[in-house]
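Q: Requesting a structural model of the entry that follows:
(chains A and B)
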Amino acid sequence: MPAITLTINNELFSARKEQTILEIAREHGIDIPTLCHFEGLEAMGGCRLCLVELQGSPRPVPACITKAAEGMVITTSSDKLIEYRKMLVELLLAERTHTCSICVQNNNCELQTLAAKLGIDHVRFDYLHQQLPMDASRERFALDHNRCVLCLRCVRVCDAVEGAHTWDVRGRGSTSRIVADLDRPWGNSTSCTDCGKCVQLCPTGALYKKGATVGEMKKERSFLNRILERRRLAAQGRSL
Amino acid sequence: MNRGELAELAEATLQKQQACRLRLLVCCGTPCVAAGAEAVVAALREQLTGLGNLADLELVSTGCQGPCSRGPLLTVLQPGQPEQVWEKVTPELACTVLNTALQQQHLPEQNLLPQDWPFFNRQTRLVLANSGRIDPESLEQYIARGGYESLAQALHEMTPDDVCDGVVQSGLRGRGGGGYPTGLKWQLVRKSSGSRKFVVANGDEGDPGAYMDRSLMESDPHRILEGIAIAGYAIGADQGYIYVRGEYPVAAQRLRKAIKDAERAGLLGSRVLDSSFSFRIDIRIGAGAFVCGEETALLGSIMGRRGQPRIRPPYPAEAGLWGCPTLINNVETFGNIPSIFSIGPQAFSAYGNGKSRGTKVFALCGEVVNNGLIEVPMGIPLREIVYEIGGGLANGATFKAAQTGGPSGGCIPAEKLDTPVDYENLQALGSIMGSGGLIVMGEQSCMVDVARFFMEFCLDESCGKCVPCRTGTVEIYRLLSRICNGSASQRDLQTLEQLCVMMKDTSLCGLGAAAPNPVLSTLRWFRQEYEAHVKDRRCPAGVCSMNELPLHLLGEQLLQRISALRCDGEEY
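A: Numbers count the residues shown, from 1 in each chain, chains lettered A, B, ... in the order given. Alright, predicted model coming up:
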């Protein structure tokens, strides 16, 4: 595997050629916030939180999907990037109704952690207060659209790992919604295998196990470690 | 068909046309049909049938002739006489013209357009050379005007590398808005390795007020097919796709017929023009998503996936349709290709200004006297387009701004009217060339309201994949609405600017990155209007209703009302 050298935050690092900027940064303990990204799933580049500045590029580039190249000069944190990340998280908080105090995932939520880390104490935008439905028709799990951030981890894990492709997206823009099968209640889905991978990967309390009350939903992802690690390495042309 | 037969057919059709003592061209472009062109054609056809369908009289239903607001249009060609065009033709007027022409009398001057009308005279028609001159459904008429000759020339006299070099020399740049050098793109795809290669024509035109691509596809479909086939030969592809917007059924139907006719004549399909080159073209119809004009979303849509952009790189030139190298250009770009080879790359690059060569088709609309489809050399001053070709503003209004590039573009203010219209100069003004929509606005237009209109469009059309575009458009729209209804504060103006800059920098694809352009460019040139809305709660153009109050005024008003009440709730 050819090695390359690149500069991240004024420090020189060597890396393998097929690695993304995000992987290299994380290997060396440099923190880049992410939300839609999940190691081992195909990168989507939708949440834009992992944007980093790349010398020579007129706009910031997403670290999760940009492959490292020889001689890249990257800055992972600057006043501008932090401001952008804050605004992006604020946009997410304003988009749907994220009321932590009544959420099953309070204290275990990735969106909440991100907001706290970025020091967001208020949202400068209008709350859109969309009154979205819930789908509790499945026996063991439920979906609350009001907490969904459309990271599409559920769609990707269901398609690529479970192979069921139960989840997909309906509509576009701000009216996008996660749908089961061809937009039927989750309970009527014939393709869903009840494996729960989507529920465990969901960063917020949008997908959760029934029976959990405020703050009780903790996501258990260790059973996916091996398969996702294998997929991550395969994307770089390596094996376990 | 081989090359000799092609030349013979061209010659024979041309002779037949020259032998006509009278040729009547009725514009059957969509605006003219809406204005009643079909009745005109029917009346003329009846008259001609009554005369016994003489061989030396020809009636042609053509594509768009240009001045769309003046339809239906009738062009009369008689040997040895200058051509004459009538506007707003009724069936009666058309029959009078026909009869007087047959009796060799003086033709009626009612609704006759002047011979030296700048709308026609100031244009340079390369891409639109056949638009409005031929029946779009007739292969012979296209061939009679030199059609497929460029393809024959490429196949028989040039190597694929020569073809790419020719396009590079011509200086042609992408006409869809990006302005990437077309020749360079062709060379890139040619050099990419893949088991198969594809050519895709982007006909998913969706900007409000733009209809260049539709007119071209409807008026001269064979020109696009020829351009795509030449591209296929140059890059080594055997399959092409034309992605037509779902709202353009006529364009799709004409292209379908054109493909069938061309395949029957051996101009497409296996062994094109008796060479070893085989090439097929298929149509793909969009389903009403503006974002599918973005190249990666368009490719996804062709492959049957959700029409959503993906991050580039890899660019389609390396990995496009099904992972194969794919050349994707706008239909107008392909429309330029036959012209480049018929007049020669040097002659083509003689038109234009700086790094922008050739001509550009614009859909001129808004408050100008002459609305319609025009083609002008790059670098023409905006003033000439608005005041000479467009005939100035309607009802004596004063020019305020011109909007180019639709929802991805910006406004050009009156003081920049002398700017040459080309890629670099428009970009320097914070606008873009775009696909060619050109909306002229007078002092009756409120620029905040215009920005809000375009933001509403982007809000509707955002695909929802990335956060800044999905939610940012909604928030910007709400801020602009507040400014328009008078309830905005200075802080809102500040938030608006922050959000626009952030969206431009962070969005995933061109749609989101360009969506704040109408706001940013109006903020740049018409900031005083925003200030007037916010500070003085006044809309200078008198468009916005301003019937709501900002929070601090609302509080004051409430306090006043409360203090005017007695403690029992009754008024003093």
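Q: Can I get the strand or helix carrying B:S521 in PDB? Just the C-alpha atoms.
A: Counting by DSSP states H and E, the element that carries B:S521 is helix B:517-525. In PDB, the C-alpha atoms belonging to helix B:517-525 read as follows (Å, rounded to 0.1, in the frame of the first residue of the first chain):
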ATOM      1  CA  ASN B 517     -26.500  34.000  -4.900                       C
ATOM      2  CA  PRO B 518     -29.700  36.000  -5.600                       C
ATOM      3  CA  VAL B 519     -29.700  37.200  -2.000                       C
ATOM      4  CA  LEU B 520     -26.000  38.000  -1.800                       C
ATOM      5  CA  SER B 521     -26.100  39.800  -5.100                       C
ATOM      6  CA  THR B 522     -29.100  41.900  -4.300                       C
ATOM      7  CA  LEU B 523     -27.500  42.600  -0.900                       C
ATOM      8  CA  ARG B 524     -24.400  43.800  -2.700                       C
ATOM      9  CA  TRP B 525     -26.100  46.100  -5.200                       C
END
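Q: can you tell me the average pLDDT over that helix?
A: For helix B:517-525, the mean per-residue pLDDT is 95.
Q: quick one, what contacts B:R310?
A: Neighbouring residues of B:R310 by Cβ atoms under 8 Å, 6 or more residues apart in numbering or on different chains: A:45, B:296-297, B:300. Yep, even glycine has a C-beta here, placed from its N, CA and C like the rest.
Q: if you set the cut-off to 6 Å instead, what comes out?
A: Residues near B:R310 by Cβ atoms under 6 Å, 6 or more residues apart in numbering or on different chains: B:T296.
Q: Could you check the pLDDT of it?
A: With respect to pLDDT, B:R310 scores 93.
Q: longest single helix anywhere in chain A?
A: When chain A is parsed with DSSP state H, its longest helix is helix A:79-95.
Q: quick one: B:M503 is in a helix?
A: Yes. Under DSSP: H, G, I helix; E, B strand; the rest coil, B:M503 falls within a helix.
Q: Identify the residues contacting the longest helix of chain A?
A: The contact list for helix A:79-95 (Cβ under 6 Å, 6+ apart) reads A:48-49, A:114-115, A:118, A:120, A:123, A:125, A:127-128, A:149, B:467, B:471, B:502, B:506.
Q: Now residue 133: closest residue in space that isn't a chain neighbour?
A: Went with chain A since none was named. Closest residue to A:P133 apart from its sequence neighbours, by Cβ to Cβ, 6 or more residues apart in numbering or on different chains: A:H145 at 6.2 Å.
Q: That was the other one, I meant chain B.
A: B:T62 (6.3 Å).
Q: Could you check the pLDDT of residue 163?
A: All of this is about chain A. pLDDT for A:G163: 96.
Q: looking at chain B here, not the other one
A: Looking at B:V163, its pLDDT is 97.
Q: That one reaches B:H156, doesn't it?
A: No. Using Cβ atoms under 6 Å, B:V163 is not in contact with B:H156, being 11.8 Å away.
Q: For these two, work out which one has more neighbours and name it.
A: Neighbour count, other Cβ atoms under 10 Å in any protein chain shown: between B:V163 and B:H156, B:V163 has more, with 25 against 12.
Q: could you measure the more buried one against B:N336, distance?
A: Distance, B:V163 to B:N336, by Cβ to Cβ, to the nearest Å: 14 Å.
Q: Please apply the same query to B:I302.
A: As judged by Cβ to Cβ, B:I302 and B:N336 stand 23 Å apart.
Q: the more surrounded of these two?
A: Between B:I302 and B:N336, counted using other Cβ under 10 Å, B:N336 has the larger neighbour count: 26 against 22.
Q: so the more buried one, which of the three states?
A: helix.
Q: do the same with B:G4
A: Per three-state DSSP, B:G4 ends up helix.
Q: Give the burial count for it, as a bare number.
A: 10.
Q: pLDDT wise, what is it at?
A: Model confidence at B:G4, expressed as pLDDT, equals 93.
Q: try B:Q78
A: pLDDT, B:Q78: 89.
Q: show me what contacts the nearest residue to B:I285 once chain neighbours are set aside?
A: Leaving aside its chain neighbours, B:I285 sits nearest to B:G246 (5.3 Å; criterion: Cβ to Cβ, 6+ apart). Neighbouring residues of B:G246 by Cβ under 6 Å, 6+ apart: B:285-288.
Q: ok, the residue most central in space within chain A to A:L150 distance?
A: Closest residue to the average C-alpha location of chain A: A:C36 at 1.9 Å, with Cα atoms, centre = their mean. Per Cβ to Cβ, A:C36 is found 8 Å from A:L150.
Q: same thing with B:E218?
A: B:E218 sits at a distance of 38 Å from A:L150 (criterion: Cβ to Cβ).
Q: More neighbours: which of the two?
A: Neighbour totals were compared for B:E218 and A:L150, and A:L150 leads with 26 against 23 (other Cβ under 10 Å).
Q: Domains in chain A, by residue range?
A: If you go by automatic domain parsing, the domain ranges for chain A are A:3-77, A:104-232.
Q: who wins for proximity to B:M212 among those?
A: Across the domains of chain A, B:M212 has its closest neighbour in domain A:104-232 (25.3 Å, Cβ to Cβ).
Q: name the element residue 47 belongs to?
A: If you meant another chain, say so; for now it's chain A. Going by DSSP H and E, A:C47 is not part of any helix or strand.
Q: Chain B was what I was after
A: helix B:37-50.
Q: The helix or strand just after that helix pairs with which strands, parallel or anti?
A: Downstream of helix B:37-50, the next assigned helix or strand under DSSP H and E is strand B:57-62. Strand B:57-62 has these partner strands in its sheet, going by DSSP bridges: strand B:22-27 (parallel).
Q: quick one: the strand it pairs with to helix B:37-50, angle?
A: Here strand B:22-27 runs at an angle of 160 degrees relative to helix B:37-50 (axes from the mean of the first three to the mean of the last three Cα atoms, to 10 degrees).
Q: Within range of chain B, give me the residues from chain A.
A: Proximity of chain A to chain B (Cβ under 6 Å from any Cβ of the partner chain) is limited to residues A:45-48, A:51, A:59, A:65, A:84, A:87-88, A:91, A:95, A:124-126, A:172-174, A:176.
Q: Buried ones from those residues, can you make that a PyMOL selection?
A: With 16 or more other Cβ atoms under 10 Å in any protein chain shown as the criterion, this PyMOL line picks the buried residues out of those:
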select buried, chain A and resi 45+46+47+48+51+65+84+87+88+91+95+124+125+172+173+174+176
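Q: Same question for the least confident helix or strand in chain B by mean pLDDT: list its buried residues.
A: Within chain B, confidence by mean pLDDT, DSSP states H and E is lowest for helix B:551-563 among all helices and strands, at a mean of 83. The neighbour-count check on helix B:551-563 (16+ other Cβ under 10 Å) flags nothing as buried.
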